[in-house]
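1. any chance you could fold what I've pasted below:
(chains A and B)
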Amino acid sequence: MGRIQLKSVTKSFGDVEVIPPLDLTIEDGEFTVFVGPSGCGKSTLLRLIAGLEDITSGHIEIDGTDATDVPPAKRGLAMVFQSYALYPHMTVRKNIAFPLRMAKLDQAEIDKRVEGAASVLNLTDYLDRRPGQLSGGQRQRVAIGRAIVREPAAFLFDEPLSNLDAALRVGMRLEISELHERLATTMIYVTHDQVEAMTMADKIVVLQAGVIEQVGSPLELYRTPRNLFVAGFIGSPKMNFIEGPEAAKHGAQTIGIRPEHIAVSETEGEWSGVVSVSEHLGSDTFFHVHETGLAETITVRADGEVGFRHGDRIHLTPRQDVIHRFDAKGLRIE
Amino acid sequence: MARTVTTRRKSLNTVLAWAVGLLIFFPILWTILTSFKTEAQAIASPPLFLNFNWTLENYAIVQERSDYMRFLWNSVIIAGGSTILGVIIAVPAAWAMAFVPSKRTKDILLWMLSTKMLPAVGVLYPIYLLFIRLGLLDTRGGLVVVLMLINLPIIVWMLYTYFREIPGEILEAARMDGATLKEEILYVLTPMAIPGIASTVLLNFILAWNEAFWTLNLTAVDAAPLTAFIASYSSPEGLFFAKLSAASTMAIAPILILGWFSQKQLVRGLTFGAVK
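-> Numbers count the residues shown, from 1 in each chain, chains lettered A, B, ... in the order given. This next block holds a predicted model:
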């Protein structure tokens, strides 16, 4: 079980309120991702759930029990840190066994669980090494191993992949998703990388300045962002925002159109502009188009290889059915 | 660009370093040499450097006149006891200051250090009276407590510096793993800080071993350590340099040997945190 509820939770450091009153429910077995720019309070929120920071007011419930004043060790949660936070003086085996030792399990049970976790995470050959002798990816696996042996109510991940290189990150992302499928345990995952959020989450919580901007499934957030912030944050490349007469035509202060929802043509289209930069990825091509008279840059994503280059004049046509409209306050107009 | 150091410059530096080293070591060397001279040779003018009749006579006389082993044992107990007690008290204190600092932590640290600037003689009278009242005069236990208190600021400072180098996330991980505060300090913090704790222990053992003001003033016979042993050779009969030197050599030998074997640890400990 691992249903976590935050009720009117606030957090202040001195006079600075970093989390204004916040309510959130994370259902049992759900993979929830907290995403937002640096300093948005997502890590603080995770630490409040973990019990590593005290909340200023409000309540945290884990499986219906008030855990507000319960110390971290007793909350039944396991955490994987950005820096891995392995115990450098212990071998991999002892690192993974540590939470079990603290729980005073008998040695046979500890050995069994450590071996089990090691085989799941491909660490069997490294059990007698120390963290210093492992690569970044292996260290992260040890950190995950240390978390899973406890069979916690929920896993908390604090930007666990940000110290890994790009290739390894994709691999570990998959492994964590697979782990979630297999364990079906609640996971709360903090990241500033919206790609990680989109690919892993059942539910994404978008945060800005300690405030929840929107909660929803990745596709809900992608299709119906509640406001300009979410619209700009979710999706890569970023959504294009257009103000002025073009927006007024749609009865909005601002309209948003995603790069993948704009068709490019050499000859005709609703808008036209000059290619400033073209990025050819093979699978798709990104164009950064200037001189459209709509916004400084319009980003366009075309499927496959499209041969326009710097300086080419091209024509753009947005798909009318997926234009997002926002009012003067930046809120979505349905 | 890396700075190039020429061979000439390197040798010059080496010579300079040796010269300064020898200058610092000279008084100790002179004491050791004098301990092998006769009393007459010890005060000869011009002084004799190596060209004298080497003798072990002084050592024999010193050993005969006073019970060296008793003083040595007292020194070991007092220096060792005060260091161990100090570390036991300082580890939690330094933990608190390093990992749960308050607004006043820096001030408290400075205030603690400032007590080291107080002339010891300023508190001799009250402490002496206290010792009489508590029956601690000339006891090893009393000295252990006093020397521990004297060196506590340094122990806390040093440990604080080492602890600050340990990432807080590792301790948080231990907390998440179900460790109590005691287990966190015992199984995670202390083993990680062992090099720092070791150099703190060494330095404080040396400081306590060499401490003369309190050991001379608060002991007479029973608890007298090696400092008192040396001092006993500079009194009523006048100064007997050769014997005094022999006594001094015997007193500093253990700590000199300890320092020699642990110099790597000491240097590492003292420069810890200076460079990352």
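2. start and end of stretch A:101-115, how far apart?
-> 15 Å (Cα to Cα, to the nearest Å).
3. touching stretch B:40-55 from outside, list them.
-> The contact list for stretch B:40-55 (Cβ atoms under 8 Å, 6 or more residues apart in numbering or on different chains) reads B:33-34, B:36-38, B:241-242, B:245. C-beta: built from backbone N, CA, C; applies to glycine.
4. what about it, average pLDDT?
-> Regarding stretch B:40-55, the rounded mean pLDDT is 81.
5. then residue A:78 would be within a strand, right?
-> Yes. Assessed by DSSP: H, G, I helix; E, B strand; the rest coil, residue A:78 belongs to a strand.
6. what count of nearby residues applies to it?
-> 27 (other Cβ atoms under 10 Å in any protein chain shown).
7. in contact with it, which residues?
-> A:99, A:146-148, A:150, A:152, A:154-156, B:176-177.
8. helices of the stretch 1-150 of chain A, start to end?
-> With DSSP state H, counting those that start in this stretch, the ranges of helices along the stretch 1-150 of chain A come out as A:42-50, A:92-102, A:107-120, A:136-148.
9. coming back round to it: just the buried residues of the contacts of stretch B:40-55.
-> Those of those that meet the buried threshold are B:33-34, B:36-37, B:241-242, B:245, by 16 or more other Cβ atoms under 10 Å in any protein chain shown.
10. residue 29: neighbouring residues, count only.
-> Because you didn't say which chain, this covers chain A. Residue A:29: 16 neighbours (other Cβ under 10 Å).
11. please refer instead to chain B.
-> Residue B:29, neighbours per other Cβ under 10 Å, totals 11.
12. chain B contacts on the stretch 51-200 of chain A?
-> A:52, A:71-74, A:77-79, A:81-83, A:85-89, A:98-99, A:102-103, A:146, A:150 (Cβ under 8 Å from any Cβ of the partner chain).
13. change it to 7 Å
-> A:52, A:72-73, A:77-79, A:81, A:83, A:85, A:87-89, A:98-99, A:102-103, A:146 (Cβ under 7 Å from any Cβ of the partner chain).
14. among these, name the buried ones.
-> By 16+ other Cβ under 10 Å, those give A:52, A:72-73, A:77-79, A:81, A:83, A:85, A:87, A:89, A:98-99, A:102, A:146 as buried.
15. what residues does the residue of the stretch 101-250 of chain A found nearest chain B make contact with?
-> Going by Cβ to the nearest Cβ, chain B is nearest to residue A:102 of the stretch 101-250 of chain A, at 3.9 Å. With contact taken as Cβ atoms under 7 Å, 6 or more residues apart in numbering or on different chains, residue A:102 is in contact with B:177-179, B:183.
16. state the distance from the closest residue in space to residue B:243 that isn't next to it in sequence to chain A.
-> Using Cβ to Cβ, 6 or more residues apart in numbering or on different chains and skipping the chain neighbours, the partner closest in space to residue B:243 is residue B:58 (5.0 Å). Going from residue B:58 to chain A by Cβ to the nearest Cβ, to the nearest Å gives 49 Å.
17. work out for me the element residue B:58 sits within.
-> helix B:57-65 (DSSP states H and E).
18. following that helix, which helix or strand comes up?
-> Beyond helix B:57-65 on the C-terminal side, the first helix or strand identified by DSSP H and E is helix B:68-99.
19. any idea how far the following helix or strand past that next one is from the chain center?
-> As assigned by DSSP H and E, the chain's next helix or strand after helix B:68-99 is helix B:105-114. Put simply, helix B:105-114 sits 22 Å off its chain's centre (Cα atoms, centre = their mean, to the nearest Å).
20. and if you look at stretch A:273-283?
-> With Cα atoms, centre = their mean, you get 27 Å for stretch A:273-283.
21. the buried ones among the contacts of stretch B:40-55 in strands, which ones?
-> Assigned to strands by DSSP state E, none of the buried ones among the contacts of stretch B:40-55 qualify.
22. now the helices of the stretch 1-150 of chain A as a markdown table including mean pLDDT?
-> Shown next, in a markdown table, are the helices of the stretch 1-150 of chain A (pLDDT from 0 to 100):
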| stretch | mean pLDDT |
| --- | --- |
| helix A:42-50 | 94 |
| helix A:92-102 | 94 |
| helix A:107-120 | 92 |
| helix A:136-148 | 91 |
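23. out of these, which gets nearest to residue A:127?
-> Shortest distance between residue A:127 and the helices of the stretch 1-150 of chain A, using Cβ to Cβ, is found for helix A:92-102: 4.3 Å.
24. check which residues of the closest one are buried.
-> A:92-102.
25. kindly report the same for stretch B:162-178.
-> Buried residues in stretch B:162-178, counted by 16+ other Cβ under 10 Å: B:162-163, B:166, B:169-178.
26. tell me the SS of residue A:276?
-> strand.
27. run a quick neighbour tally on it.
-> 15.
28. ok, residue A:106 next?
-> Around residue A:106 there are 9 other residues, counting by other Cβ under 10 Å.
29. in three-state terms, label residue A:195 for me.
-> The local conformation at residue A:195, judged by three-state DSSP, is helix.
30. I'd say it and residue A:236 touch.
-> Yes. The pair residue A:195 and residue A:236 passes the contact test of Cβ atoms under 7 Å, sitting 6.0 Å apart.
31. just the buried residues of helix A:92-102 now: which is nearest residue A:220?
-> Looking across the buried residues of helix A:92-102 and measuring by Cβ to Cβ, the closest to residue A:220 is residue A:99, at 35.8 Å.
32. hang on, isn't that closest one packed against residue B:178?
-> Yes. With contact defined as Cβ under 7 Å, residue A:99 counts as touching residue B:178 (5.4 Å).
33. pretty sure residue A:176 is in a helix, no?
-> Yes. Assessed with three-state DSSP, residue A:176 lies in a helix.
34. start and end of stretch A:14-34, how far apart?
-> 24 Å.
35. give the residue farthest from the middle of chain A.
-> Using Cα atoms, centre = their mean, the residue of chain A lying farthest from its centre is residue A:267. It sits 39.9 Å away.
36. show me what contacts it?
-> Taking Cβ under 7 Å, 6+ apart, one finds residue A:315 in contact with residue A:267.
37. for it, helix, strand, or coil?
-> Secondary structure, three-state DSSP: residue A:267 is coil.
38. those residues of chain B touching chain A, which are they?
-> Counting by Cβ under 7 Å from any Cβ, chain B sits next to chain A at B:167, B:169-170, B:172-173, B:175-180, B:183, B:188, B:191-192.
39. so of these, which ones are in strands?
-> Going by DSSP E, the strands hold none of the residues of chain B next to chain A.
40. for the closest residue to chain A within the stretch 1-150 of chain B, report the pLDDT, please.
-> Closest residue of the stretch 1-150 of chain B to chain A, Cβ to the nearest Cβ: residue B:103 (9.4 Å). On pLDDT, residue B:103 comes in at 89.
41. quick check: residue B:150 vs residue B:218, distance?
-> With distances taken as Cβ to Cβ, to the nearest Å, residue B:150 is found 12 Å from residue B:218.
42. repeat that for residue B:171.
-> From residue B:171 to residue B:218 the distance is 40 Å (Cβ to Cβ).
43. and residue B:15, which of the three is it?
-> helix.
44. tell me the confidence at the residue most central in space within chain A?
-> In chain A, the centroid-proximal residue (Cα atoms, centre = their mean) is residue A:197; its distance is 3.2 Å. pLDDT recorded at residue A:197 is 92.
45. tell me the contacts of it?
-> A:33, A:35, A:191, A:204, A:218.
46. switch to 10 Å and redo it
-> A:32-36, A:189-191, A:203-206, A:218, A:221, A:233-234 (Cβ atoms under 10 Å, 6 or more residues apart in numbering or on different chains).
47. are any of those buried, and if so which?
-> Counted by 16+ other Cβ under 10 Å, these give A:32-36, A:189-191, A:203-206, A:218, A:221, A:233-234 as buried.
48. give the intersection of the neighbour lists for residue A:99 and residue B:178.
-> Common neighbours of residue A:99 and residue B:178 (Cβ under 10 Å, 6+ apart) are A:73, A:78, A:150.
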